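**Student:** Build the 3D model from these lines:
(2 chains)
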Amino acid sequence: MSEPTSALNRAEFKGIAKVEETGLHGMITLRGDQSSAAIKKAVLSVAGTVMPEQREAIFSDTGGVVWMSPDELMLLCPYSEVEARVAALNEALAGTHALAVNVSDARTVFRVSGPAARDVLSKLTPADLSPEVFGPGQVRRSRLAQVSAAFWMEDDETFGLFCFRSVAQYAFDLLKVAAAEGSEVGYF
Amino acid sequence: MLTLECPYCGVMADETELTAGGEAHLKRFGPGSSDEDFEAYLFERENPKGVHFERWRHSHGCGKWFHAARNTMTLEVYGTYPAQTSEPPVEIRNKISGIAPGWSWRLFK
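**Tutor:** Below is the predicted model of the structure:
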């Protein structure tokens, strides 16, 4: 039996910021009415966090919940637990109009860290990443050069980021160029 | 560069994050309608110099469709509003009247 592997097999690059592909992650798309008590309860029991507000990303020790749109959440968890969590969600949401799907292999997760991480991402996206506007706890779905991506801040100098797996190499190459040695901008 | 506020995400989205969807508030004429109505629905579009209402999609973001009221000449954006409406909201129309008195667009003024 072949082992599941992530798109870039934990590739790394070190320039003015460190870029890592972080391997396999469990990801569950949860669609439904976010104001419904049943869905809030299911998120709390399965992901262990409260329902995120608009553009909020909440993380716990074993995963997290990322706000994707007014009717869509992305639940993150360890890759090995994803099937059990989808089953738990489906059980908790029986009779509720909602959809939970395992999409773990659809996306690739990167981490961009270092004091210049904001500069590196700002070279690639039109989103405003100034510290007054964007900080830990928030998520922004936007564009990374030619592809869609979502990113959030784990702390002041660390971004988590995901894009579709089919464009993982493109996104990694972009991040490598943006983080090339000697390409500091020093704007933020 | 055009920057529109996505009414679903609440972010100021750059034009390059969005996809333009053409004229807003079209009424569909499908099977059973007259040839004139169907032709007008398919082909006849406003091309105003001034106030215009358009559909946009936050395609690199939340993926939702929304409406924008803007001025094609001054590039001023009067506001954005959700897609679930068949006509421009009164607040937006009043706001435009305050800025560009005497405006009209299709049946609205």
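**Student:** Specify the strand with the largest residue count in chain A.
**Tutor:** strand A:147-155 (DSSP state E).
**Student:** For it, which helices and strands make contact with it?
**Tutor:** strand A:63-69, strand A:139-144, strand A:158-164, helix A:168-178 (3 or more C-beta pairs under 8 Å, 6 or more residues apart in numbering or on different chains; DSSP states H and E). Glycine gets a C-beta too; all of them are placed from N, C-alpha and C.
**Student:** hang on, A:Leu121 is in a strand, isn't it?
**Tutor:** No: in this structure, A:Leu121 is helix, not part of a strand, as judged by DSSP: H, G, I helix; E, B strand; the rest coil.
**Student:** SS state for B:Glu91?
**Tutor:** Per three-state DSSP, B:Glu91 ends up helix.
**Student:** contacting residues around it?
**Tutor:** B:Gly79 (C-beta atoms under 8 Å, 6 or more residues apart in numbering or on different chains).
**Student:** hang on, isn't B:His52 packed against B:Glu46?
**Tutor:** Yes: using C-beta atoms under 8 Å, B:His52 is in contact with B:Glu46, at 6.8 Å.
**Student:** quick one on the thing from earlier: partner strands of the longest strand of chain A and their direction?
**Tutor:** strand A:139-144 (antiparallel), strand A:158-164 (antiparallel) (DSSP bridges).
**Student:** angle of the first one against helix A:168-178?
**Tutor:** It stands for strand A:139-144. 90 degrees (axes from the mean of the first three to the mean of the last three C-alpha atoms, to 10 degrees).
**Student:** Other residues contacting strand A:139-144?
**Tutor:** With C-beta under 8 Å, 6+ apart, strand A:139-144 has contacts from A:55-57, A:66-69, A:121, A:124-127, A:134, A:148-152, A:161, A:163, A:171, A:174, B:9, B:11, B:13-14, B:16-17, B:60-62.
**Student:** Span of stretch B:57-77 from start to end?
**Tutor:** 16 Å (C-alpha to C-alpha, to the nearest Å).
**Student:** Repeat that for stretch B:2-10.
**Tutor:** 16 Å.
**Student:** Need the mean per-residue confidence for that stretch.
**Tutor:** Stretch B:2-10 comes out with an average pLDDT of 95.
**Student:** Report the beta-bridge partner residues of A:Phe110.
**Tutor:** Beta-bridge pairing of A:Phe110 under DSSP bridges involves A:Glu21, A:Leu161.
**Student:** mind giving me the domain ranges of chain A?
**Tutor:** Domain assignment for chain A by automatic domain parsing gives A:12-22+A:106-178, A:26-105.
**Student:** Out of the ones you listed, which is the most enclosed?
**Tutor:** domain A:12-22+A:106-178 (a mean of 19; mean count of other C-beta atoms under 10 Å in any protein chain shown).
**Student:** between the strands paired with strand A:147-155, which one is nearest to B:Ala83?
**Tutor:** When the strands paired with strand A:147-155 are compared by C-beta to C-beta, strand A:139-144 sits nearest B:Ala83, at 17.7 Å.
**Student:** okay, the nearest residue to A:Phe188 once chain neighbours are set aside: pLDDT?
**Tutor:** Of all residues not flanking A:Phe188 in the chain, A:Arg118 sits nearest, at 4.3 Å (C-beta to C-beta, 6 or more residues apart in numbering or on different chains). Note for A:Arg118: predicted pLDDT of 96.
**Student:** Could you list every helix and strand in contact with whichever strand or helix holds A:Arg118?
**Tutor:** Element membership for A:Arg118, per DSSP states H and E: helix A:117-122. Judged by 3+ C-beta pairs under 8 Å, 6+ apart, the packing partners of helix A:117-122 are strand A:158-164, helix A:168-178.
**Student:** need the ones you listed in TSV with mean pLDDT, can you?
**Tutor:** Below are those laid out as TSV (pLDDT from 0 to 100):
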stretch	mean pLDDT
strand A:158-164	97
helix A:168-178	97
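**Student:** Tell me which of the ones you listed sits nearest to B:Lys109.
**Tutor:** strand A:158-164 (44.9 Å).
**Student:** quick one: the closest one to chain centroid distance?
**Tutor:** 5 Å (C-alpha atoms, centre = their mean, to the nearest Å).
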